[in-house]
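A.B. asks: coords please:
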Amino acid sequence: MSIITLTTDWGLKDHYLGAVKGTILNTLPNVNIVDISHKVPPFDLHQASFILKNCYKNFPKGTIHIIGIKSDASIETPHTAILADDHYFIGSDNGIFSLILDKKPDKIVELEIYQDSDYFTFSTRDIFIKAACHLAEGKNIEDLGTLKKELFQKMTFEPVIENNVIRCKVIYIDSYENVIVNVTEKLFKKVGQNRRFSIFIKTLGHEINTISKSYSDVDISEMLAVFDSNGYLEIAINEGKASSLLGLKFDDIMQIIFYDD
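C.D. replies: I've put the predicted structure just below:
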């Protein structure tokens, strides 16, 4: 059974999600539709890419991922389907593919699909579903349009390493208000070399000097740092809301200092 996932910024109030699922099931009644998230902040490609990047590999190979965020097409951001890591992704080439993937896709196809509607505000229903169902039926991605060589590249802020300091930023805040930072455990260990360190939380001048293994390593309401299940540094409060209580928000800058003594 084919799997089609949906990642959007539609929320759950309106008709958009129901319309898309109904249209898919009208074409392929036995397809398995999986909701990844519909609560991405409107038009936020960075947070959408973080969500999808950190879960798509858990799906079986051949899964088709529809991305319904900033889905209008233009000359600069054409509707596109790609094959990467044995997964298919369908959306507008507005930079989100480059944010999700760490390497160049195996195939990139600019979609040439005519929609049945005379209205052009619902590309996910009118274009992306046709492409997804085509792939779910086992047909070739090349038949969907014209092969191209490159994707639009959207720049991301990478950690800056200067001597004994890593300057980094908040890249995601989850539903528990845990704060995820763009420092991986691999980078932390490479720069740190088992040295003493301080993670400085700029807003309130707080600092953390240890990495915990779990939230319960500290008392309830205490602050901690852990590496999350995807290997990113996470600032949390045991049974508390770190983002609100520490005044941290998306894109805030933090720094980690390592000491030689």
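A.B. asks: show the low-confidence segments of the chain, by residue range.
C.D. replies: 202-205 (pLDDT under 70).
A.B. asks: in it, which strand is the longest?
C.D. replies: Assignment by DSSP state E gives strand 165-173 as the longest strand of the chain.
A.B. asks: show me what the helix or strand just after that one is packed against.
C.D. replies: Scanning forward in sequence from strand 165-173 by DSSP states H and E, the next helix or strand is strand 179-184. The contact analysis (3 or more C-beta pairs under 8 Å, 6 or more residues apart in numbering; DSSP states H and E) places strand 179-184 against strand 165-173, strand 232-237, helix 242-246. Glycine gets a C-beta too; all of them are placed from N, C-alpha and C.
A.B. asks: buried stuff in strand 179-184?
C.D. replies: By neighbour count on 16 or more other C-beta atoms under 10 Å, the buried set for strand 179-184 is 179-183.
A.B. asks: now swap in stretch 124-140 and tell me
C.D. replies: When neighbours are counted by 16+ other C-beta under 10 Å, the buried residues of stretch 124-140 are found to be 124-136.
A.B. asks: and those residues as JSON lines, adding distance to Tyr114?
C.D. replies: Written out in JSON lines, the entries for those read as follows (distance: C-beta to C-beta, whole Å):
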{"residue": "Thr124", "distance to Tyr114": "16"}
{"residue": "Arg125", "distance to Tyr114": "14"}
{"residue": "Asp126", "distance to Tyr114": "9"}
{"residue": "Ile127", "distance to Tyr114": "9"}
{"residue": "Phe128", "distance to Tyr114": "14"}
{"residue": "Ile129", "distance to Tyr114": "13"}
{"residue": "Lys130", "distance to Tyr114": "9"}
{"residue": "Ala131", "distance to Tyr114": "12"}
{"residue": "Ala132", "distance to Tyr114": "16"}
{"residue": "Cys133", "distance to Tyr114": "15"}
{"residue": "His134", "distance to Tyr114": "13"}
{"residue": "Leu135", "distance to Tyr114": "17"}
{"residue": "Ala136", "distance to Tyr114": "19"}
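A.B. asks: wait, which of the residues you listed is closest to Ile75?
C.D. replies: For Ile75, the nearest member of the buried residues of stretch 124-140 is Ile127. The distance, counting by C-beta to C-beta, is 15.9 Å.
A.B. asks: how close does that closest one sit to Lys53?
C.D. replies: Distance, Ile127 to Lys53, using C-beta to C-beta, to the nearest Å: 23 Å.
A.B. asks: cool, Ile100 as well?
C.D. replies: Taken as C-beta to C-beta, the spacing of Ile100 relative to Lys53 amounts to 5 Å.
A.B. asks: those two: which is more packed in?
C.D. replies: In this comparison of Ile100 against Lys53, neighbours counted by other C-beta atoms under 10 Å, the higher total goes to Ile100 at 26 against 15.
A.B. asks: what sits against the more buried one?
C.D. replies: 49, 52-53, 56, 89 (C-beta atoms under 8 Å, 6 or more residues apart in numbering).
A.B. asks: one more pass at 7 Å, please.
C.D. replies: The contact partners of Ile100, by C-beta atoms under 7 Å, 6 or more residues apart in numbering, come to 49, 52-53.
A.B. asks: need those in TSV (columns: distance to Asp228).
C.D. replies: Formatted as TSV, the entries for the contacts of Ile100 read as follows, by distance: C-beta to C-beta, whole Å:
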residue	distance to Asp228
Ser49	16
Leu52	16
Lys53	13
